[in-house]
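A.B. asks: Whatever this is, show me its structure:
(chains A and B)
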Amino acid sequence: MRALDRKLLRDLRRVWAQTVAIAVVLACGIMMLVGMTMTARTLDGTRAAYYERHRFADIFAGVSRAPDNVVAQIAQIEGVAQVEGRVSFYAVLDIDGMEEPATAKVVSLPALGAQLNVPLLRRGRLPDPDHADEVALNEPFAEEHNLVPGETFHGILNGQLRELTVTGWVLSPEFVYSIAPGGMMPDNRRFGLIWMGEAAAEAAMNMGGAVNDVTLRLSRDADPRAVLDAVDEVLDPYGGTGAYERERQTSHAFLDGEMTQLGVLASFLPPVFLVVAAFLVNMVLGRLIKMERTQIGLLKAVGYGTFDIAWHYLKLALLIGAIGIALGWAMGFWLGDMMIGLYGEFFRFPFMIRDPSYGVLALSAGLASATVITGGLRAVWGSVSLPPAAAMSPPAPPSFTRGTVDRVIDWIGFRQTTMMIFRSILRWPGRAAITLFGVVSSVAMLVASYFMFDAIDALADTMFASSNRQDVTLVLNASVSERAVMDAMTLPGVRMAEGGYAMGVRLVHEHRERLSALQGHFPDASLARLMDDTGTVVQLPAEGVVLPERLAANLGVVVGDTLRVEMLSPPRETLDLPVAMIIAQGMGAEAHMRADALFAAMRVAPQVNSINLLVRPEEMSALNAAIKDTPAVAGLTDWSDVRRQFDESLSENLVTTMTIQTIVGLITAIGVVYNAARIQLSERRHELATLRVLGFSRGEVGFVLVGEMMFLTLVAIPVGWLLGNFLASSMVTAMSNDLMQMPFLITKRTYAFAGLAVFIGSLAAVLLVRRRLDHVDLVMALKARE
Amino acid sequence: MKSKGKAGEPVFRVEGVTRVYRTGAVEVHALRGVDLALNEGEMVVLLGASGSGKSTLLNIMGGLDHPTAGRVFFRDQELTRVSESKLTAFRREHVGFVFQFYNLVPSLSARENVALVTEISNDPMTPEEALERVGLAHRIDHFPAELSGGEQQRVAIARAIAKRPDVLLCDEPTGALDSATGVQVLEALSQVNKDLGTATILITHNAGIQKIAHRVVILADGQIKSDSMNAEQVAPSEVTW
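C.D. replies: From the prediction side, this is the model:
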C-alpha cells in the first residue's frame, strides 16, 4: 500500500467521530431515497401484477336495470377488449356475536367464472352456481368474524331474510380498499364483500335477464373518453349512473393516493440530507486540510503534484461517502422491508413482487459520491494549490476589525466571553451559515413531517366533531318520503332524527364534466352540517349550487356561472342551476344545495335517502336489533366506530413513518452541530486553553463553545419554521387529487415540538463535544501552534 | 484591596517535587526532587537549557500540572492536594501568566483581552490602566493581528497584571522576540515588579537576562544546580543577547 494511502486510512480513523456523523447524515438521505422508492416501486409493481393477473377492469358503470344484451352492445364499441355484466347490490347482515348490523356489497359471479375482476380464492371454494345460498366472502371480513367455509350467517337481501353458507374466502383487486356506503374508512368488521352465483343474485334482486353493473377492459390503443361516452349512450336509457375510469374507482384511487404520498416523500426529503452532507464534508475536510498545511507543503516540496494531493484528500471524501452509501443502503433496505410489510399487511396483497430497485441504488450511490466530491473539492482546491513555501509557513493570523456590529455589542455591554462568540460568527460567516443551514433543514423536516398529524387532526375534527354530529346514519335502500324521519324517531333509543338526501349526478360546464354527488341540505338540520376548512358552518343560499374549490376549478366555473346537473337516478332530469357559492373544503368533491330548492327544481315532493340519528348509548343494542329487521335500511354507520377505525388505521402507518422522519431530522441537526462544534474546538483549542489558564472555570470556557452553537440554533429555528411551512405546502399540493385535498394546517404545537426537539438535539451534540474540553491538556494546548 | 504577604516571606514553597512523564514505555524525569522557596516581591530568573525542567516547575507552581511526588504550597495553601476547581480559583485570584507566544485571543482587541481577566477578578485595575502601565494606551483598540510581537507580549503582560496578582509567572516572555523588543518587555516586567511588589518568576534559556533579577535559580536535568542572589540588579536596557 502506498504511504499516502496509509496516511489516508489513519486520517480517517483519527476523525472517525466526524466521519460517522457525516456518513450518518448522508445515509439518512440515501435511506429515505432507497427505502421509499423501493416501497413505492414494489407496491406499484405488485399492484400492477395483481390487476393484470386478475384482469381488473379499466371502466366501470352502474345502471338501474338494463337487459343482458347491453353487454353485447358494449362489446361492439371500438376500444372495448372485454366486457362483463353483473348484478350487484347491498345487503344488511346479521352476524352471530355482533350486536349491530353489518353491511355487505353482493356481487354476482358468472356460472362459467368471472372474466374480469377475477376473485382470488384463498380458502375453500367458490359458490356452486346451482346452490343459491352459497357465497364466498372477502378474506378480511371473513377472518374478522371467523366465518370459515361451512359456517352460516343471515342477511336481508332485497327485503328477504336469507341464511347464507360460506364456501370460501377470496380477495379481489377491485376491493383492496373497501368502504361501506356512507362510510369514511375501511371497516372489516362492519362491511364485507360477498360473491354469489349469478342466478342466485339475479333471483334475489328480481334481475333475471338483466344487469345493473358493467365493467370492461380497454384494448391497447383505445380512447378512454370515447369509450366512456359510448357506454353512457348505451346505458342512459336504462338509468345509467355514468361510466367512469379506473382512476375514479374507490379502491384504486385510495391506493394511488398512498403511492403518490410515498413518491412525494421520496423526492422531497432526500435532497435536503444530501445538501447538508455536502456542506459537512466541506467543513470537515477544510479543517483537516488547514491543519495539515505544513504537511501539504512538505509533500509538494518532495515532488508530489497538486493533483496527487487533491486526489488524496478527495479520496478521503469518497471514503466517507462510501461509508454513508453502505450504511444508507442497509438502512434503506431495512426501511423498505418494514414499509413493504406494513403496507402489504394493510392492503392484503396476495403476493408481493419485490422490486430490488437497482436503478435507485445506483442513483443514490451516484448522488452521494457527487455530494461528497462537491463538498470536498471546494475545501481541497484552495489549500493544495498553494506554493510549497507558503504552505509550510504558518498561516497569517485571522484578522479582526471593529465594525458597527461590534459597537452595538459594546454598547449592550456583553462580557468578553460573549464578545468572542459574536466575533467568531462575524469572522467566519460561511461556517456559521453551514451550521445555520443544517439546523434550518432539520427544523423544516420536522415541521414538514409533523404537519401531517395537524392535517389529519383537522380532518378528523371536521368530519367527526363539526360536520357529522350524529351518532348513527341509516342509509336507505331507496328514496322515501320525509315521513320516514318521523318513523325513525320510533326506533329504540332515538333522541333525534334528521333526514338527508344525496344523488349521483354528472356536472357539466362547457366541455368539462365530472361525476359527483349532489347533497340536499334540509334547512333546520343540525346534525350533519356543511362546513368549510375554516370550521365555519356554510349558510346555503336560497337558490343555486355550492361547490368546493377544487371541483369548481376542475369544472372551470366561478360564482354566477350556470352548471348543468344531469341526474343519474330518477327522475333523471337535467337541471341548469346557477353556481351560488364556492367554498374551501379539502375533503369531499360533492355539490351542495338547499333541499327545498333542489326538490322544487326536480318537481318532486321532499324525500330522504338517509337518516341521521342521535341515540341514547344504553339503547344502541336495541337499535341495532331493530335495524336488522328493517328491510328499508341498506346500511348503518356508527360514527364512534368510524372515528375509532379512522384513528387505528392511520395511526400505525403514519406513526411509523413520522417516527422515522423525526429521527432522521434530528440526526441532521445533531450531525451538523456536532461537526461544527468539533471544528470549533479544534481551531480554538489554544484560545480556550488560555481562558482556562487565566482562571476561567470549565463552565465559563464551555460557554464560549456551547454559546455559539446554541445561538446559531436559536436563530435557525424560526427560519426552519418558515422553510418547513413552505415544504409542507408544497407537499400538500403534490399529494392532493380530485378526491381529496389535504388541509394545509400547521399548529403551534408542531412548530414548538420541531423547535424544541432540534434545540435539545443540538444541545446534546454540543455538550458531547464540550466534554472533550475538560480533557484538554492545558500545557500541551498552550504549546501547540497552528 | 487584595492583601499581599509581607516582603521577604515565602509565597511559594516547593518540597521534594518530582515529575515523571510516561509516553508508552518511555519515562521522562522532568523534575527530580526539587526543593525551592520563593519570596514575596522577589524577581527570580529560572535559567536552564532546553529540557532542564524549568517550564515543568513553573507549570506546577501555577497549578497547570500536578507533580508525581512532593508538595507545593502557595503561602499556607497546599496546591498538590486540592481539586481542579480550587486550582482554577487559585489561578484566577492569585496568578498572572505570560507565555512565550503571548496567547492572546485573536478575536478580542487589546483592551478586550485585558477586560477578559478584569471581568472575573475582584478589585482589578481597569484595562486602560493596565495597558497604560505597559505603554500601550495608544493601541488600546487594536487586534492582535494589528500589533507587533513586542506589543502583543506587552498586552499579555497587561492582561496578567490587571488582576493585581500575587505572582507573575513568565515562561520565556522574550523567546519569540528580537533583543530590542525583548528589552521593552523586560522593562515592563521589571517595572511591574517594582511598582506592584508582585513576585515574578521568569523562565529563560538566555543567560544574559539573569542580571535583571534579584535571584537566579539554575536548573539542569530536573534538579536545581544553583540558587544565588544577585548582588545588584541591572536595568533591562543594559542587558544584551
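
A.B. asks: CA atoms for contacts and neighbours, from now on please.
C.D. replies: Noted.

A.B. asks: Excluding covalently adjacent residues, which one is nearest to residue 74?
C.D. replies: With no chain named, the answer covers chain A. In space, not counting the residues next to it along the chain, residue A:74 is nearest to residue A:231; the distance is 6.3 Å by Cα to Cα, 6 or more residues apart in numbering or on different chains.

A.B. asks: try chain B instead
C.D. replies: Sequence neighbours aside, residue B:12 is the residue nearest to residue B:74 in space, at 4.7 Å (criterion: Cα to Cα, 6+ apart).

A.B. asks: what bridges to the one you found?
C.D. replies: When bridges are taken as DSSP bridges, the partners of residue B:12 come out as residue B:38, residue B:74.

A.B. asks: how about the residues of chain B near chain A?
C.D. replies: Chain B has residues B:59, B:64-65, B:85, B:88-93, B:96-97, B:103-108, B:112-113, B:115-117, B:119-120, B:143, B:145-146 near chain A, with proximity defined as Cα under 8 Å from any Cα of the partner chain.

A.B. asks: Now with 6 Å, please.
C.D. replies: Counting by Cα under 6 Å from any Cα of the partner chain, the positions of chain B adjacent to chain A are B:88, B:91, B:92, B:105, B:116, B:145.

A.B. asks: Among the residues you listed, which one lies nearest to chain A?
C.D. replies: residue B:92 (3.9 Å; Cα to the nearest Cα).

A.B. asks: Distance of the closest one relative to residue B:35?
C.D. replies: For residue B:92, the distance to residue B:35 (Cα to Cα, to the nearest Å) stands at 25 Å.

A.B. asks: Looking at those two, which one has more neighbours?
C.D. replies: It is residue B:92, of residue B:92 and residue B:35, that has more neighbours when counted by other Cα atoms under 10 Å in any protein chain shown, with 22 against 16.

A.B. asks: Now do the residue lying closest to residue B:235 once chain neighbours are set aside against chain A, distance only.
C.D. replies: Nearest non-adjacent residue to residue B:235, counting by Cα to Cα, 6+ apart: residue B:212, 6.0 Å away. Residue B:212 is 26 Å from chain A, where distance means Cα to the nearest Cα, to the nearest Å.

A.B. asks: quick one, what contacts residue B:212?
C.D. replies: The neighbourhood of residue B:212, defined by Cα atoms under 6 Å, 6 or more residues apart in numbering or on different chains, consists of B:233, B:234, B:235.

A.B. asks: right, and the secondary structure at the spatially most central residue of chain B would be what?
C.D. replies: Of all residues in chain B, the one closest to the mean position by Cα atoms, centre = their mean is residue B:169, 1.2 Å from it. Under DSSP: H, G, I helix; E, B strand; the rest coil, residue B:169 falls in the strand class.

A.B. asks: re earlier: redo the contacts of residue B:212 as CSV? Include neighbour count.
C.D. replies: Formatted as CSV, the entries for these read as follows, by neighbours: other Cα atoms under 10 Å in any protein chain shown:
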residue, neighbour count
B:233, 14
B:234, 15
B:235, 15
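
A.B. asks: What segments of chain B are strands?
C.D. replies: When secondary structure is read from DSSP state E, chain B shows strands at B:10-23, B:26-39, B:43-47, B:69-74, B:77-78, B:95-98, B:167-171, B:199-204, B:215-220, B:223-229.

A.B. asks: Just send those strands back as CSV, with mean pLDDT too.
C.D. replies: Below are the strands of chain B laid out as CSV (pLDDT from 0 to 100):
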stretch, mean pLDDT
strand B:10-23, 90
strand B:26-39, 91
strand B:43-47, 94
strand B:69-74, 94
strand B:77-78, 91
strand B:95-98, 90
strand B:167-171, 93
strand B:199-204, 93
strand B:215-220, 94
strand B:223-229, 93
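
A.B. asks: Generate JSON lines for those, with distance to residue A:496 as supplementary columns.
C.D. replies: Formatted as JSON lines, the strands of chain B follow (distance: least, Cα to Cα, whole Å):
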{"stretch": "strand B:10-23", "distance to residue A:496": "89"}
{"stretch": "strand B:26-39", "distance to residue A:496": "94"}
{"stretch": "strand B:43-47", "distance to residue A:496": "101"}
{"stretch": "strand B:69-74", "distance to residue A:496": "91"}
{"stretch": "strand B:77-78", "distance to residue A:496": "89"}
{"stretch": "strand B:95-98", "distance to residue A:496": "87"}
{"stretch": "strand B:167-171", "distance to residue A:496": "92"}
{"stretch": "strand B:199-204", "distance to residue A:496": "97"}
{"stretch": "strand B:215-220", "distance to residue A:496": "104"}
{"stretch": "strand B:223-229", "distance to residue A:496": "103"}
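
A.B. asks: Confirm residue A:217 sits in a strand?
C.D. replies: Yes. Note on residue A:217: a strand contains this position according to three-state DSSP.

A.B. asks: Can you name the residues bridging to it?
C.D. replies: On DSSP bridges, the residues paired with residue A:217 through beta bridges are residue A:82.

A.B. asks: give the contact list for it.
C.D. replies: Under the criterion of Cα under 6 Å, 6+ apart, the contact list for residue A:217 reads A:57, A:58, A:81, A:82.

A.B. asks: What's the separation between it and residue A:117?
C.D. replies: Distance, residue A:217 to residue A:117, using Cα to Cα: 10 Å.

A.B. asks: go on, residue A:713?
C.D. replies: Separation of residue A:713 from residue A:117 (Cα to Cα): 56 Å.

A.B. asks: which of the residues in the longest helix anywhere in chain B are buried?
C.D. replies: Secondary structure assigned by DSSP state H gives helix B:179-196 as the longest helix of chain B. By 16 or more other Cα atoms under 10 Å in any protein chain shown, the buried positions in helix B:179-196 come out as B:181, B:182, B:183, B:184, B:185, B:186, B:187, B:188, B:189, B:190, B:192, B:193.

A.B. asks: With adjacent residues omitted, what lies nearest to residue 92?
C.D. replies: Went with chain A since none was named. Using Cα to Cα, 6+ apart and skipping the chain neighbours, the partner closest in space to residue A:92 is residue A:103 (4.6 Å).

A.B. asks: Chain B was what I was after
C.D. replies: Excluding the flanking residues, the one nearest residue B:92 by Cα to Cα, 6+ apart is residue A:695, at 3.9 Å.

A.B. asks: Then residue A:67?
C.D. replies: In space, residue A:67 comes closest to residue A:210 once its chain neighbours are excluded; the distance is 4.2 Å by Cα to Cα, 6+ apart.

A.B. asks: List the contacts of the one you found.
C.D. replies: The neighbours of residue A:210, taking Cα under 6 Å, 6+ apart as the test, are A:66, A:67, A:68.

A.B. asks: what about the residue nearest to residue B:92, how many neighbours?
C.D. replies: With other Cα under 10 Å as criterion, residue A:695 counts 25.

A.B. asks: check contacts around residue 222.
C.D. replies: The chain I'm using is chain A. residue A:79.

A.B. asks: that's the wrong chain, I wanted chain B
C.D. replies: Shown here is residue B:222, whose contacts under the criterion Cα under 6 Å, 6+ apart are B:30, B:31, B:32, B:52, B:53.

A.B. asks: Adding distance to residue A:776, write those residues out as CSV.
C.D. replies: Output for the contacts of residue B:222, formatted as CSV (distance: Cα to Cα, whole Å):
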residue, distance to residue A:776
B:30, 20
B:31, 22
B:32, 26
B:52, 24
B:53, 21
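
A.B. asks: most neighbours, which of the residues you listed?
C.D. replies: residue B:31 (27 neighbours).

A.B. asks: Contacts only, for that one.
C.D. replies: Contacts of residue B:31 (Cα under 6 Å, 6+ apart): B:18, B:19, B:53, B:222.

A.B. asks: Of the residues you listed, which is the nearest to residue A:551?
C.D. replies: Distances from residue A:551 to the contacts of residue B:31, taken as Cα to Cα, are shortest for residue B:19 (85.5 Å).

A.B. asks: What's opposite that closest one in the beta bridge?
C.D. replies: The residues listed as beta-bridge partners of residue B:19 by DSSP bridges are residue B:31.

A.B. asks: Touching, it and residue B:28? I think so.
C.D. replies: No. The pair residue B:19 and residue B:28 does not pass the contact test of Cα atoms under 6 Å, sitting 8.4 Å apart.
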